[in-house]
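J.: Please work out how this folds:
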Amino acid sequence: MIPSSIINITRMATLLLLPIALAQEEVNGYIHLGRGSCVDQKGSFYSYIQRTLTFPDATTCGSAECAKFGNAASYRGFEFSVTKRCTCLFDKEKMPPVQNDASSPEYVSKNYQGMEYVAGTSGTPGADCYMIARDSAVTMGTGLFYVTTIASALLRGFEIKTDE
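T.: Numbering: from 1, shown residues only. Below you'll find the model as predicted:
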């Protein structure tokens with residue numbers, strides 16, 4: 001039997017996290033990591049390609065714009081800003097070439113140091129970070145191990161206390 005204190009903690013956590021979960025925009029093929037720029041395990045930003053026009057929502061950004069880069073091994077996900085800008089993210093110095101007219105550029109880009117899977121966000125407001133789902137096995141596998149281990153230890157601790 002699960003102690004009532006665990007049930008109460010679970011209920012409180014659900015109530016606190018519900019507004020955050022409801023505010024997230026689901027984008028097929030991506031995992032929403034939250035507010036801020038996407039960062040790698042060292043806290044570095046990713047190189048990016050960004051269209052100079054705006055997009056109506058994160059779904060259009062991920063499925064219509066950045067999806068064309070989805071097969072590139074260096075593609076890590078995208079950011080969708082409050083100004084409705086769509087930024088496709090890549091590993092350091094591994095952005096694919098895009099057609100760009102020098103007199104009227106459609107794309108802007110910048111190189112940063114980010115490498116490999118998206119590990120989190122910068123937490124600064126202004127954009128939301130979406131990691132491509134194919135990279136989720138790398139990050140979720142380790143995270144799930146730790147969450148399961150901690151939950152198991154907590155439950156055993158509560159069981160010991162309730163048996164006394």
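J.: from here on, contacts and neighbour counts on C-alpha atoms
T.: Will do.
J.: Contact partners for Phe90?
T.: 46-48, 74-77, 114-115 (CA atoms under 8 Å, 6 or more residues apart in numbering).
J.: Can you tell me which of the residues you listed is nearest Ile132?
T.: Distance to Ile132 across those (CA to CA) is lowest for Gly77, with 4.7 Å.
J.: For that closest one, give the beta-bridge partners.
T.: Assessed by DSSP bridges, Gly77 has beta-bridge partners Leu89, Met131.
J.: how about low-confidence regions in this protein?
T.: In the predicted model of the chain, residues 1-24, 137-164 satisfy pLDDT under 70.
J.: Show me the contacts of Phe90 that map onto strands.
T.: Of the contacts of Phe90, the ones assigned to strands by DSSP state E are 47-48, 75-77.
J.: Out of those residues, which comes closest to Cys66?
T.: Out of the ones in strands among the contacts of Phe90, the member with the shortest distance to Cys66 (by CA to CA) is Gly77, at 7.7 Å.
J.: is it true that the closest one touches Leu89?
T.: Yes: Gly77 is within contact range of Leu89, at 5.4 Å (criterion: CA atoms under 8 Å).
J.: So between those two, which is more surrounded?
T.: Taking other CA atoms under 10 Å, Gly77 and Leu89 do not tie; Leu89 has more neighbours (33 against 30).
J.: Quick check on the residue nearest to Val98 when sequence neighbours are not counted: phi, psi?
T.: Of all residues not flanking Val98 in the chain, Tyr107 sits nearest, at 7.8 Å (CA to CA, 6 or more residues apart in numbering). Backbone torsions for Tyr107, taken as degrees, to the nearest 10, come to phi -120, psi 150.
J.: tally of neighbours for Tyr107?
T.: The local packing of Tyr107 (other CA under 10 Å) involves 16 other residues.
J.: wait, doesn't it sit right on Glu65?
T.: No: if you go by CA under 8 Å, Tyr107 and Glu65 don't touch, sitting 11.6 Å apart.
J.: mind listing the helices for the chain?
T.: Ranges of helices within the chain are 4-23, 58-60, 136-163, based on DSSP state H.
J.: Ser122: what's it in contact with?
T.: Here Ser122 is in contact with 35-39, 43 (CA under 8 Å, 6+ apart).
J.: Go through the residues you listed and give me the one with the most neighbours.
T.: For the contacts of Ser122, neighbours tallied by other CA under 10 Å; top is Cys38, 29 neighbours.
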